[in-house]
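1. Sequence first, then the predicted structure:
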Amino acid sequence: MDEKSALLIKKFLPMKKFILFMATVLCCFATLNAQVNVTCDGGSWQSEVSWSITDADGVDVCSGGAPFSGTCELAAGTYTVNMADAYGDGWNGNVLTIDGQA
């Protein structure tokens, strides 16, 4: 394996944990019909961090940045969590937690 390939694998390996997290969130949201507690905090460069929760029609039902602490009203259904970093270098230690699931 060349050095460039090794660096790419090292850079994107943390995405595996993120993908597993997203699968868990989507699974859990399918059975909700209530307010959920949402926090986003814990890292640096918080002004670069944004997130949103969209319903099956692509409508934002809750969104924010970091730091954030509040509740979101979610009816039963399927949701997608979108997470972004304006600079493109990751969340720098910030964590999005939805009803205790990080």
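-> Received the coordinates, thanks.

2. Only alpha carbons, please: show stretch 37-54 as CSV.
-> Once non-C-alpha atoms are left out, stretch 37-54 reads as follows in CSV (Å, rounded to 0.1, in the frame of the first residue of the first chain):
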residue,chain,number,x,y,z
ASN,A,37,-33.5,16.2,23.7
VAL,A,38,-30.8,17.4,21.4
THR,A,39,-27.4,18.7,22.3
CYS,A,40,-24.4,19.7,20.1
ASP,A,41,-21.3,20.7,22.0
GLY,A,42,-17.9,19.6,23.3
GLY,A,43,-15.4,20.6,20.6
SER,A,44,-13.5,23.5,19.1
TRP,A,45,-14.3,25.6,16.0
GLN,A,46,-18.0,25.5,16.9
SER,A,47,-18.9,28.3,14.5
GLU,A,48,-18.2,25.8,11.6
VAL,A,49,-20.6,23.1,12.8
SER,A,50,-24.2,22.8,11.7
TRP,A,51,-26.8,20.0,11.7
SER,A,52,-30.4,19.4,10.7
ILE,A,53,-33.0,16.7,11.1
THR,A,54,-35.2,16.3,8.0
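
3. and it, which residues are buried?
-> Buried residues in stretch 37-54, defined by neighbour count with 16 or more other Cβ atoms under 10 Å: 38-40, 42-43, 45-46, 48-54. The way it works is simple: take the backbone N, C-alpha and C, and place the C-beta from them, glycine included.

4. ok, now stretch 63-83?
-> 64, 66, 68, 72, 74, 79, 81.

5. Now do the same contact list for the third one.
-> The reference is to F68. For F68, the contact set (Cβ atoms under 8 Å, 6 or more residues apart in numbering) comprises 38-41, 51.

6. Try it again at 10 Å.
-> Under the criterion of Cβ atoms under 10 Å, 6 or more residues apart in numbering, the contact list for F68 reads 38-41, 46, 49-51, 62, 94, 96-97.

7. Now stretch 57-74: average pLDDT?
-> The pLDDT scores in stretch 57-74 average 95.

8. First-to-last residue distance for it?
-> End-to-end span of stretch 57-74 (Cα to Cα, to the nearest Å): 14 Å.
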